[in-house]
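1. Let's see this in three dimensions:
(chains A and B)
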Amino acid sequence: GNSVTQMEGPVTLSEEAFLTINCTYTATGYPSLFWYVQYPGEGLQLLLKATKADDKGSNKGFEATYRKETTSFHLEKGSVQVSDSAVYFCALSPMDSSYKLIFGSGTRLLVRP
Amino acid sequence: ETGVTQTPRHLVMGMTNKKSLKCEQHLGHNAMYWYKQSAKKPLELMFVYNFKEQTENNSVPSRFSPECPNSSHLFLHLHTLQPEDSALYLCASSQDLSGGAPGETQYFGPGTRLLVL
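-> Predicted coordinates:
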């Protein structure tokens, strides 16, 4: 079946530190991959996405590369800010039902000044 | 502001109550979704509507009853809930399901935090 596994949080970093949040997936064929972010008291917002192997999604300084060989889509940012504190969700949509989103359990990021 | 609004934002209800959650999207989308977000569990898809027709019911108990009167509005009617139903209920919308384009984005509302006593 389809599934997404994320590193457990919380992840606590100092401002300007480098961020990596690991995400691996299990799926048939070539799913689309997403990172969503949930700020406190809000719903989920799309952060970035990639729809085919070797694609790199990027937004607001965050990046993730679709790696078919390692079935991974790790989220990275070179210098985090306090305002990046949120919960980050990795998700996939299967090839045969692209409207579905299958989420990981989320990783809470706390950035300290 | 994502163009998807949900009311109420918070709801406390007893197990014998009947209440409804409302979702409205202002994005001109045709597909709408209900998700359940419980503590320490991945988001669970509950229902999917496309052009007002229900296309998916993800084995949701009948105490949750969705309604989609038009493409802009989605309701979740609740009755005789259990304490384990306490969660954040999220509504989302997307363009539609018919194209099947890869990587279609879903837009989420802020959620209704439900507590069942």
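2. Any idea which residue is closest to the centre of chain B?
-> The residue lying closest to the centre of chain B (CA atoms, centre = their mean) is B:Trp34, at 2.4 Å.
3. quick one: the helices in chain A?
-> With DSSP state H, there are no helices along chain A.
4. Would you mind naming what in it lies close to chain B?
-> A:4, A:32, A:34, A:36, A:41-46, A:49-52, A:89, A:93, A:95, A:98-106 (CB under 8 Å from any CB of the partner chain). Placement of C-beta: from N, CA and C, glycine included.
5. please redo it, this time with the cut-off set to 6 Å
-> For chain A, the residues in contact with chain B (CB under 6 Å from any CB of the partner chain) are A:32, A:42-44, A:46, A:49, A:51, A:98-99, A:103, A:105.
6. ranking the residues you listed by neighbours, who comes first?
-> A:Leu44 (30 neighbours; other CB atoms under 10 Å in any protein chain shown).
7. wait, it sits on A:Gln38?
-> Yes - between A:Leu44 and A:Gln38 there is a contact under CB atoms under 6 Å: 5.0 Å.
8. For stretch B:58-74, which residues meet the burial criterion?
-> B:60, B:64, B:66, B:68, B:71-72, B:74 (16 or more other CB atoms under 10 Å in any protein chain shown).
9. of the residues you listed, the lowest pLDDT goes to which?
-> Minimum pLDDT for these is recorded at B:Ser71 (91).
10. Which element, helix or strand, includes the residue lying closest to B:Tyr49 once chain neighbours are set aside?
-> In this structure, B:Tyr49 finds its nearest non-sequential neighbour in B:Cys68, 4.3 Å apart by CB to CB, 6 or more residues apart in numbering or on different chains. Element membership of B:Cys68, judged by DSSP states H and E, is strand B:64-70.
11. Could you point out the helix or strand that follows that strand?
-> Following strand B:64-70 toward the C-terminus (DSSP H and E): strand B:73-79.
12. Which residues outside that next one are in contact with it?
-> Here strand B:73-79 makes contact (CB atoms under 6 Å, 6 or more residues apart in numbering or on different chains) with B:18-24, B:32, B:34, B:63, B:65-68, B:91.
13. Distance from the chain centre to stretch A:12-23, please.
-> 12 Å (CA atoms, centre = their mean, to the nearest Å).
14. So what's the residue count around the nearest residue to A:Gly43 once chain neighbours are set aside?
-> Ranked by CB to CB, 6+ apart and with sequence neighbours excluded, the top spatial neighbour of A:Gly43 is B:Phe108, at 3.7 Å. The number of residues packed near B:Phe108 is 23, by other CB under 10 Å.
15. Return the set of buried residues in stretch A:47-62.
-> Under the neighbour-count criterion of 16+ other CB under 10 Å, stretch A:47-62 has A:47-51, A:57, A:62 buried.
16. would you turn those residues into JSON lines with pLDDT?
-> Output for the buried residues of stretch A:47-62, formatted as JSON lines (pLDDT from 0 to 100):
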{"residue": "A:Leu47", "pLDDT": "96"}
{"residue": "A:Leu48", "pLDDT": "96"}
{"residue": "A:Lys49", "pLDDT": "94"}
{"residue": "A:Ala50", "pLDDT": "94"}
{"residue": "A:Thr51", "pLDDT": "92"}
{"residue": "A:Gly57", "pLDDT": "96"}
{"residue": "A:Phe62", "pLDDT": "98"}
